[in-house]
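S.K.: dropping a prediction and its sequence here:
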Amino acid sequence: MKTLRTFIIMVVLIIGGMAMTGCEDSNATNNPESVTTNGQSESQTGEKPLDSSEKKQVLDSINVLVSQIESLSKSQEANANNLVEVKKEISDLKGSSHLYDLISWVIAAIALLVAIIALIRLSSIQKRANRHRKDIGEIEQRVYSLEQKTNTVPVRTKTTSSGLSNSEYTSLTSRIYEIERQLERMNQGSAYEPQNAVMSSPVTEIRRPSVNEQSGYFGLPTQMSLTEAYFKRLSDIRESDSRFTVEVRNNRAEFRPLEGTQYLNDLKSNDSIKMALDFQGCAPSEATQMKVILPGEAKKDGDRWIITKKATIALYI
């Protein structure tokens, strides 16, 4: 830029000097001495002096050249300014790109931290759920034990507190219930004996079944609602789909699940049978043995037998 301006100034000075020389020459034409001098110079150089029109053309050309040089210098300055602005924008973009990179790294770090915290929280929630599930199972066992203590006779309560295992307690409970049932049947059967019977004569006790008593089998229960279920029919013979033994008395039935490995598989694969059973002990999927603790009850309603109380069974590994 400085070199170009120096060049322009030198050109202008040269042109100005030439113009002044031309003016002196024009003044010298009116002066005799200048004429003599011009004549001498013409004779010496052999060139003709420029007239006023030629000088004007030269000055116009110089002015045009100067204006073009000025316009070029202005455009060059404008281009230089544009170049400076472009460099500034590029530097700003570089700075903003670094800022964006920093922001993206910060966001990625925050996302990673949130994911780690979420995994830790999920693990703690799962542990808490397992602990609560275990506590609920223990509470259910305690509630069931309390129910058994409240529903049984003092002899049975004494047995449970003597330090027996679960299997022994279940076996004794089942045997006691069977004995109670036999005593009840014997008492009912004695009511039908003749009052004038001779007590001294040895006779064999014959149980006379009541007209309203009946034995049979139930199949799988059918669900009525979320908490209710019923048996469709009572079968007199044991069939392939029989799952419960039944004793009917006065339109009320007591049912017990059939015991055995083949029936234990129904507990694992069939959800409908669970509508008639309450479980104690391990989970049905882990059980390899089962024992009936208390029978269930059903009430006749038309052709159906509606379950009013579920049977209770104990499951063992």
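M.R.: Sure, I can see it.
S.K.: how is the protein divided into domains?
M.R.: What automatic domain parsing lists as the domains of the chain is 2-43+50-96, 212-316.
S.K.: out of these, which is closest to Leu183?
M.R.: Across these, Leu183 has its closest neighbour in domain 212-316 (15.3 Å, Cβ to Cβ). Using the backbone N, CA and C atoms, a C-beta is placed for each residue, glycine as well.
S.K.: end-to-end on stretch 214-225?
M.R.: Terminal residues of stretch 214-225 lie 28 Å apart, using Cα to Cα, to the nearest Å.
S.K.: take the domains of the chain and lay them out in JSON lines including distance to Val143, mean neighbour count and mean pLDDT.
M.R.: Below are these laid out as JSON lines (distance: least, Cβ to Cβ, whole Å; neighbours: other Cβ atoms under 10 Å; pLDDT from 0 to 100):
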{"stretch": "domain 2-43+50-96", "distance to Val143": "68", "mean neighbour count": "11", "mean pLDDT": "71"}
{"stretch": "domain 212-316", "distance to Val143": "11", "mean neighbour count": "16", "mean pLDDT": "87"}
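S.K.: so can I have TSV of these showing distance to Arg185?
M.R.: What follows is the domains of the chain, written out as TSV (distance: least, Cβ to Cβ, whole Å):
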stretch	distance to Arg185
domain 2-43+50-96	96
domain 212-316	9
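S.K.: the strands in this structure, which residues?
M.R.: Along the chain, counting by DSSP state E, strands occupy 213-218, 222-223, 229-231, 244-249, 252-257, 277-281, 289-294, 296-301, 304-309, 311-316.
S.K.: hmm, back to that, what's the closest of the domains of the chain to Ala118?
M.R.: Nearest of those to Ala118, taken as Cβ to Cβ: domain 212-316 at 30.2 Å.
S.K.: for Phe255, give me its contacts.
M.R.: If you count contacts by Cβ atoms under 8 Å, 6 or more residues apart in numbering, Phe255 has them with Phe218, Phe231, Phe244, Thr245, Val246, Glu247, Ala276, Pro295, Gly296, Glu297, Ala298, Ala311.
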